[in-house]
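> 3D model of this:
(3 chains)
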Amino acid sequence: MPELPEVQTTVSGLKSKVLNRTFVDVWTDTEKLFKNMSFGDFRKEIKNKKIKDIRRRGKNLIFELSEEYFLLVHLKMTGHFLYDECPPAGGQGQEDSMNRFIRARFFLDNDKVLALSDLRKFAKIELLKKEELDKELELLGPEPLEKDFTFEKFKKVLKKGKIKQILMNQNIFVGVGNIYADEILWQAEVHPEKNVLDLSEKELKKIYLATKDILLEALKFGGTSTSDYRNIEGGRGTFEKKLKAYQRQGQKCFRCGTIIKRKKIAQRGTHFCPTCQKL
DNA sequence: CAATCGTCCTGCGGGC
DNA sequence: TGCCCGCAGGACGATT
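Sure, this is the predicted structure:
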């Protein structure tokens, strides 16, 4: 599932390929992905709009277009963009079934195609004016990799509740989903069900540092592709080789050798070391 | 009022 | 072998 490192990797890839390109047309077989207007209207509106910039806010992709329009895309769980889909035979991603669920195609003025593959059809695509975009994003918390996201700021935005749930709450701070929440808490040696109010200063500091560290490290490796995420060339991120907790249930903890446990916490599959991460 | 549940969706894996 | 059930989960709305 695309979290901050995967969305940022996507943004970087897109910027290198489609900046300053103009949309010629768009196709879909899944009209419900287009949330704020009918697909017919979207198709009319997107034509001839130029991509002036591409950025990320939390897990959202934002294409800044000409005429003061914005294309907002949320990949949710299984969405990913593919540039110039159907790579040459034998090319990276060609044999990967995850790249075959093409739900939308954006035709560009260089005769290339930007496609959206999304197995579960949960992605969101919206064409918005500035005020509408701001309104949709207004509840999002701060960016954890920004310089001004200090330890003081981190402590200030936290609310009471199970720490795992808090880490994944986009209104507190953005970018962390199920994979990185488990990795952050493993590194910080904190039990995912521990209440924020019961965390010591030392534990808070470890979670804060682990958040920055894990997200940066995952970004460096192009994200995690355990199941569905692919980069815009259809290839995989390599951070999955670095995972210490996520989907390692039944295997030995790299720190203490205890068998990693899996438990449903806040409706999410959660992986942790019962020895290193005590409640 | 906060916590939990249901919804969207479909491929895949486990069990029989 | 083949079928069916249930699981995976980001975000949001509904419910308790």
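> A:E68 against A:L127, yeah?
No: using C-beta atoms under 8 Å as the test, A:E68 is too far from A:L127 to be in contact (11.5 Å). Heads up, the C-betas are built off the backbone N, CA and C, glycines and all.
> Between these two, tell me which one has more neighbours.
A:L127 (22 against 10; other C-beta atoms under 10 Å).
> phi, psi of the more buried one?
Here is the backbone geometry of A:L127 (degrees, to the nearest 10): phi -110, psi 120.
> Got the confidence number for A:P87?
Model confidence at A:P87, given as pLDDT, is 52.
> For A:I179, list the residues it contacts.
Taking C-beta atoms under 8 Å, 6 or more residues apart in numbering, we find A:I179 in contact with A:1, A:3, A:224, A:226, A:243, A:246.
> Three-state assignment for the closest residue to the fifth one other than its chain neighbours, please.
Read it as A:L243. Excluding the flanking residues, the one nearest A:L243 by C-beta to C-beta, 6 or more residues apart in numbering is A:E183, at 6.4 Å. With DSSP: H, G, I helix; E, B strand; the rest coil as the basis, A:E183 sits in helix.
> OK, contacts around A:E183?
Contact analysis of A:E183 by C-beta under 8 Å, 6+ apart lists A:210, A:214, A:218, A:243-246.
> do A:Q187 as well
A:206, A:210, A:213-214, A:244.
> List just the nearest of these to DNA strand B.
Checking the contacts of A:Q187 against DNA strand B by C-beta to the nearest atom of the strand gives A:K244 as the nearest, at 21.8 Å.
> so how far is DNA strand B from the closest residue to the closest one other than its chain neighbours?
Counting by C-beta to C-beta, 6+ apart, A:K244 lies nearest to A:W186, which is 4.9 Å off, once chain neighbours are set aside. As defined by C-beta to the nearest atom of the strand, to the nearest Å, A:W186 lies at a distance of 22 Å from DNA strand B.
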